[in-house]
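1. predicted model, plus sequence, below.
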Amino acid sequence: MTFTAAQIAAIINGQVEGNENASVDNFGKIEEAKEGQLSFLANPKYEEYLYETKASVIIINEALELKKPVAATLIRVKDAYSAFAALLSRYQELVQQQLKGIQEPSYIAKTASYGADVFIGAFAYLGEQVTIGNNTKIFPGVYIGNNVTIGNNTVINPGVKILHNCQIGNNVTIHAGTVIGADGFGFAPQADGTFSKVPQIGNVIIEDYVEIGANATIDRATIGSTIIRSGAKLDNLIQIAHNVEIGSSTVVAAQAGISGSTKVGKGVMIGGQVGIVGHLHIGDGAKINAQSGVSKNIEPGKAVTGSPAYDYTSALRSQALNRKLPDLEKRLKELEQELEQLKKHL
Amino acid sequence: MTFTAAQIAAIINGQVEGNENASVDNFGKIEEAKEGQLSFLANPKYEEYLYETKASVIIINEALELKKPVAATLIRVKDAYSAFAALLSRYQELVQQQLKGIQEPSYIAKTASYGADVFIGAFAYLGEQVTIGNNTKIFPGVYIGNNVTIGNNTVINPGVKILHNCQIGNNVTIHAGTVIGADGFGFAPQADGTFSKVPQIGNVIIEDYVEIGANATIDRATIGSTIIRSGAKLDNLIQIAHNVEIGSSTVVAAQAGISGSTKVGKGVMIGGQVGIVGHLHIGDGAKINAQSGVSKNIEPGKAVTGSPAYDYTSALRSQALNRKLPDLEKRLKELEQELEQLKKHL
Amino acid sequence: MTFTAAQIAAIINGQVEGNENASVDNFGKIEEAKEGQLSFLANPKYEEYLYETKASVIIINEALELKKPVAATLIRVKDAYSAFAALLSRYQELVQQQLKGIQEPSYIAKTASYGADVFIGAFAYLGEQVTIGNNTKIFPGVYIGNNVTIGNNTVINPGVKILHNCQIGNNVTIHAGTVIGADGFGFAPQADGTFSKVPQIGNVIIEDYVEIGANATIDRATIGSTIIRSGAKLDNLIQIAHNVEIGSSTVVAAQAGISGSTKVGKGVMIGGQVGIVGHLHIGDGAKINAQSGVSKNIEPGKAVTGSPAYDYTSALRSQALNRKLPDLEKRLKELEQELEQLKKHL
């Protein structure tokens, strides 16, 4: 798709300076952009590149005063970064809308159904009673088990596996390789030291506007549902165990793991590689620093760090003193010696 | 599948109270169940729901004395939870047994062979000389490399990859997306700072009754075998490196990683996100707390925690004192000042 | 493939002792090898097995003096281990070269192209404008998005997903299930507490001789490229975030995670389960111990450990003292009591 500066200016409500017909078919960073690419300048640190870049069209802030002539066509807007991001979002929507139809070979059970403008890629598998809404895109190699429902405008990337009975909402994005609805990890210890499997017959519910990263795993509930509430954003390689609930607009960074039946509130920030044990409550707006190991409930709004995790500020203080332990021990030893000396003198 | 209260009572050896012909085709938690669902009451905390639930049939303990009339049909058994779990297991076996046949398109090499009552899903790939036992279920999109053998009653979930020469036993379950038999991570440093690959020509052996979670990785041995012994249970996203051995009935929680050539004994409990370095021996029955970093052998039956991990009780005491470091430093400072004062007075 | 002792000796430049026509079609460890297998003895600790093994052909060091007669045919070389490894590499190259052709069903877009001697497995997907070099092997179930380029002699294992616009070099190996080019994790917080996606329009560039483990994730850049430089070796389940750069010949062990825009130098060693926060510089030749949490830049050549990570030697000293905290507290208490006593006596 090619766009002229005038077309772009119309979309982002900007003013063109230079050749209105300059056209672009691609994006680039201002310091690397080539002819035919669109770029933007938001951070004043990069202004020097404005005068050197080969980009054909550049979005800049209204307020910017040029220090030298610029070869590229400029589009002035209030906030260059926001305008650029909005343009990209619009562009990606256009690209996605164009992706339509059923590629062959794919496997669509006779009882499966789907709405208008869907894309179903080659080697995708739709089991019995699967229902898929309008404008949803199922990429190649996706597996969708029996009785799964998927809403509208949702994107299921290549190789995602969604197992039987799970429910996926509208405007959800699931990245490649992720597994939704594998069995929870439930085994009952037997008298002879072996383990007997506890059947996992619940499902996973993923609400609207959720995004889940690549190669993540979200297990089905033992009974009932594992739930990811609307607008939550989960990164790559995260593990969500059976019967967990993740609150709306909560953010979970890569490689974090949340154990069974823990309930995470709204607007919580969970750092990378965090581990949370089972059956806890994490209050709304809590912040858990990367690599923390959470073994107790967290009050709403509280920040924690460390493994085991506790109050952020106190933990930082202990961490700092921990580094000074050799010095503390030295001071202790000196005290002991001085006291010994003192006692001799008495 | 629909069952009447009488049929269920016959399977779990229970007594029906109410309509013997009440029928169910699904399961639900007592607090959420709908008409046509089977539920159970084991925990007295939930007894109030017994009088409100819409479940059609409920399994309860023999000993329970009703406080009010119950709308649903009841089935009384010695232990409601065990009876319910046993019923679910039986139900899942029935569902699995019904899953039979070869879906198209699939790729089955001419030299591959399989037993009775197998299921081979669409887009599954069976390489040369693959052999698969009776009643084993290969879900869609599974890759099975050359010379792999798989036993009876085993379930390989969607998108699992089992690479050449690996051996999978009977009654094994491998969850979606897991990779068995990728190359071990072996590289020999060269004089010029680059690395030369050490060929990985061993395999992976997975014994009977093992269960492995989703998106896990179990690497093939450099030479010989990486072995997961019978009845071991491994959770999602775990990493088992080349030439590792995991003992029978050992349990490994999500996101744990075990480095090359480490031997883990029987009945060991390994918590989530644990890391174990290479070439260690972890004794039978050892317990490793979540997020521990194990860098030394562990004696049989010992419990450890921390990173680096050591004796559980001692480590907890140090962790507690670590939180009190600001207080300890304050006491140290006070002592120093008092001693200073004291010396002036002498 | 079957080889005689004479053929093997010719390849590795060795001297045959015994039956030149003894033939092998497989490899085994000396302590486990069976008839028809080739083995080697490099470590003198295993010499006893030389006199017991059933291996048909054994590679040994030139200098080894036999203590008893050996049933197998021997091949003497300068360095038995190197010769064996070289032989295996050569063998694997041969096996790989034999793997050729296009299996059906596969999906190859009309605008996709590929070189000589490629293998494209069943259920592989090649999108629009994909280009693949000579002798590259695309295993079954691989997804290659639009505009991806892949060089020569590269191996893409089963179920790998490489998304649109990514570039993969020559002699690269990517193990099963790995995802290259999923969206980076970028969301802008909104006034109402929700998050708005920042479009991720960059790509991933993987240079020559890189090896990437199984079920790993390497995210595309927001703008520009996430780059893995030549000869870097990345293990299973690692997470590389958007706009990260990994220097040449850097080694990253399993389950490590590197956050957005961090630049890692050349020849860096990153241990298993390490986490590195975003926007850092890790100097050439740095060493990061397993499970470390890196939150600050690291100077070239420096070694660090701990979470948060700092200087390796200092951190070890603090870790040791941390274990002695109960003892330190006891000494502190004793001092306090003695001082109290002392004050009474004055």
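-> Looks like it came in fine.
2. now do the helices in chain A.
-> Along chain A, the stretches classed as helices by DSSP state H are A:5-12, A:47-50, A:80-98, A:312-323, A:325-345.
3. buried residues, the shortest one. List them.
-> Residues of helix A:47-50 classed as buried by neighbour count (16 or more other C-beta atoms under 10 Å in any protein chain shown): A:Tyr49, A:Leu50. Any C-beta I mention is one placed from the backbone N, CA and C, and that applies to glycine too.
4. which residues touch that helix?
-> In this structure, residues lying in contact with helix A:47-50 by C-beta atoms under 8 Å, 6 or more residues apart in numbering or on different chains are A:Ile30, A:Glu31, A:Leu41, A:Ile58, A:Ile60, A:Leu64, A:Leu66, A:Lys67, A:Val70.
5. quick check, distance from that helix to the centre of its chain.
-> From the chain centre to the centre of helix A:47-50 is a distance of 32 Å (C-alpha atoms, centre = their mean, to the nearest Å).
6. okay, that helix in CSV with CA atoms only?
-> Below are the C-alpha coordinates for helix A:47-50, written out as CSV (Å, rounded to 0.1, in the frame of the first residue of the first chain):
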residue,chain,number,x,y,z
GLU,A,47,16.7,16.4,15.7
GLU,A,48,20.0,16.3,13.9
TYR,A,49,18.8,13.2,11.9
LEU,A,50,15.9,15.4,10.5
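7. looking at that helix now, give me its mean pLDDT.
-> Taken as a whole, helix A:47-50 carries a mean pLDDT of 94.
8. most surrounded residue in the contacts of helix A:47-50?
-> Across the contacts of helix A:47-50, the neighbour count under other C-beta atoms under 10 Å in any protein chain shown reaches its highest value at A:Ile58, namely 29 neighbours.
9. how close does that one sit to A:Lys78?
-> For A:Ile58, the distance to A:Lys78 equals 15 Å [C-beta to C-beta, to the nearest Å].
10. wait, which of the contacts of helix A:47-50 is closest to chain B?
-> Each of the contacts of helix A:47-50 was scored against chain B by C-beta to the nearest C-beta, and A:Glu31 proved nearest at 29.6 Å.
11. residues contacting the closest one?
-> With contacts taken as C-beta under 8 Å, 6+ apart, A:Glu31 has the following neighbours: A:Tyr46, A:Tyr49, A:Thr53.
12. for chain C, what are the nearby residues on the stretch 51-200 of chain A?
-> Taking C-beta under 8 Å from any C-beta of the partner chain as the criterion, the stretch 51-200 of chain A approaches chain C at residues A:85, A:88-89, A:91-92, A:103, A:105, A:121-123, A:139-141, A:157-159, A:173, A:175-177.
13. poorly predicted segments of chain A, please.
-> Applying pLDDT under 70 to chain A flags no residue at all.
14. which residue ranges make up each domain of it?
-> Taking automatic domain parsing as the domain assignment, the record places the domains of chain A at A:3-98, A:102-315, A:316-345.
15. out of these, deepest packed?
-> Counting by mean count of other C-beta atoms under 10 Å in any protein chain shown, domain A:102-315 has the highest mean neighbour count of these, with a mean of 23.
16. next, the distance between the ends of that one.
-> According to C-alpha to C-alpha, to the nearest Å, domain A:102-315 extends 55 Å from its N-terminal end residue to its C-terminal end residue.
17. the helices of chain A into CSV, with extra columns for distance to C:Gln239?
-> Formatted as CSV, the helices of chain A follow (distance: least, C-beta to C-beta, whole Å):
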stretch, distance to C:Gln239
helix A:5-12, 34
helix A:47-50, 31
helix A:80-98, 23
helix A:312-323, 24
helix A:325-345, 32
